[in-house]
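J.: sequence and predicted structure below; questions after.
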Amino acid sequence: MQSDIGFVKKLFLCFEREKVSYCVLRNSGEIISGDAHDIDMAIDFKCFSLVRKIINDIAGTEWKIHYISEKDNGNLVAIHLYKIDQDTPVLIHFDFFQSFGWNGYSLISNGGLLKNRKKKEWLYEANYAVQAVCMLFSRYLYHGYIKEKYRDFVQQVFENQRSEVENLMCDFLPKEIAKSISDDVLDGDWNNIEQEQPVVTKTIIEYIGKKQKFCRERMLLFNLKRMKKCTGLIVGIGGEDRIQEFYSYVEKVQSILSRTFSAEDIVETFRKTGGGYRTVAYYKASNRVNLSKGKLIFTDDLNPAINKVVIEDISKIPPMSAATLILDTMSRRYRR
């Protein structure tokens, strides 16, 4: 991300100048050195319109927004941008948190995330206790594991600030569970923590559900509203008889766009699969759901009325050119 550091630094300096209340939740060192492309920060959402304006102003004509998504009951907004550098797309994205949450539940409030933030060179970072809890639980609650790269830092913070991290955890967990997790972190027993993930998530729902009533209902309404927004994109590709060539091509395009679309965000709805065709009804219904979830859908249907991007012959359009075309098409939704 070295070529992105100027843009990122200008953005943070402008946040400070405009008195935007924010803090980076992790990886501040990587951001400062120019090695981060996924930047997580807490902000007061009252400032969000100002944040959008600042991003647009700093981006200028070099950077373009190509994707904006809301998640977790609206507590998280992700803004993805790209630029073209020597014919190659460079991607970066910012995750803006109103609160640190999971499945629609708010686990650490906005005030809790911003409390005692610290200045580090040209940005503000969350206090170490907040960073450690976010690092510990972010992947853990959704996917059942703790990132290896964060474990040493988390353990060190738990050793030095045990009472602070346990107080944060007690906002969404009973004291005895918080203490048990602290014990395992200090012992380095990551396997036990991960094995207990189903128990921990069930406990959070029972414990915090009493405080945050109707959370599930709000999440349902949020998802229904999101169904009306087609933030994803359908890409029609053709020119090859062998279905395996399509899969290989899509894999290469996804690799280029991986900072926005993970492998799980790619949907291949090739109607010709092993000699058979899926029903048109299934095809359309599946696409509608996936588009609302911001998926990138590849199909062998070249109908321009359905697809925003059509690549008639993949042998003539390299994956890099296809990725650039996809980004340009998506960015048109957000152009001023």
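T.: Good, I have the coordinates.

J.: count of neighbours near Pro89?
T.: Number of residues near Pro89 (other C-beta atoms under 10 Å) recorded here: 19. C-beta: built from backbone N, CA, C; applies to glycine.

J.: ditto for Ser262
T.: Counted with other C-beta under 10 Å, Ser262 comes out at 10.

J.: please enumerate the helices of the stretch 151-300 of the chain.
T.: Assigned by DSSP state H, counting those that start in this stretch, the helices in the stretch 151-300 of the chain fall at 151-160, 162-169, 175-187, 190-195, 197-209, 215-227, 243-256, 280-292.

J.: need the winner for burial among those helices.
T.: A comparison of the helices of the stretch 151-300 of the chain by mean neighbour count, using mean count of other C-beta atoms under 10 Å, puts helix 162-169 on top with a mean of 18.

J.: can you check what angle separates that one from helix 151-160?
T.: 110 degrees (axes from the mean of the first three to the mean of the last three C-alpha atoms, to 10 degrees).

J.: dump the helices of the stretch 151-300 of the chain to JSON lines, plus distance to Arg17 and mean pLDDT.
T.: Formatted as JSON lines, the helices of the stretch 151-300 of the chain follow (distance: least, C-beta to C-beta, whole Å; pLDDT from 0 to 100):
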{"stretch": "helix 151-160", "distance to Arg17": "30", "mean pLDDT": "98"}
{"stretch": "helix 162-169", "distance to Arg17": "30", "mean pLDDT": "97"}
{"stretch": "helix 175-187", "distance to Arg17": "38", "mean pLDDT": "97"}
{"stretch": "helix 190-195", "distance to Arg17": "41", "mean pLDDT": "97"}
{"stretch": "helix 197-209", "distance to Arg17": "37", "mean pLDDT": "93"}
{"stretch": "helix 215-227", "distance to Arg17": "33", "mean pLDDT": "79"}
{"stretch": "helix 243-256", "distance to Arg17": "35", "mean pLDDT": "93"}
{"stretch": "helix 280-292", "distance to Arg17": "37", "mean pLDDT": "73"}
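
J.: now those helices as JSON lines including distance to Val8?
T.: Output for the helices of the stretch 151-300 of the chain, formatted as JSON lines (distance: least, C-beta to C-beta, whole Å):
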{"stretch": "helix 151-160", "distance to Val8": "21"}
{"stretch": "helix 162-169", "distance to Val8": "27"}
{"stretch": "helix 175-187", "distance to Val8": "31"}
{"stretch": "helix 190-195", "distance to Val8": "31"}
{"stretch": "helix 197-209", "distance to Val8": "33"}
{"stretch": "helix 215-227", "distance to Val8": "28"}
{"stretch": "helix 243-256", "distance to Val8": "21"}
{"stretch": "helix 280-292", "distance to Val8": "30"}
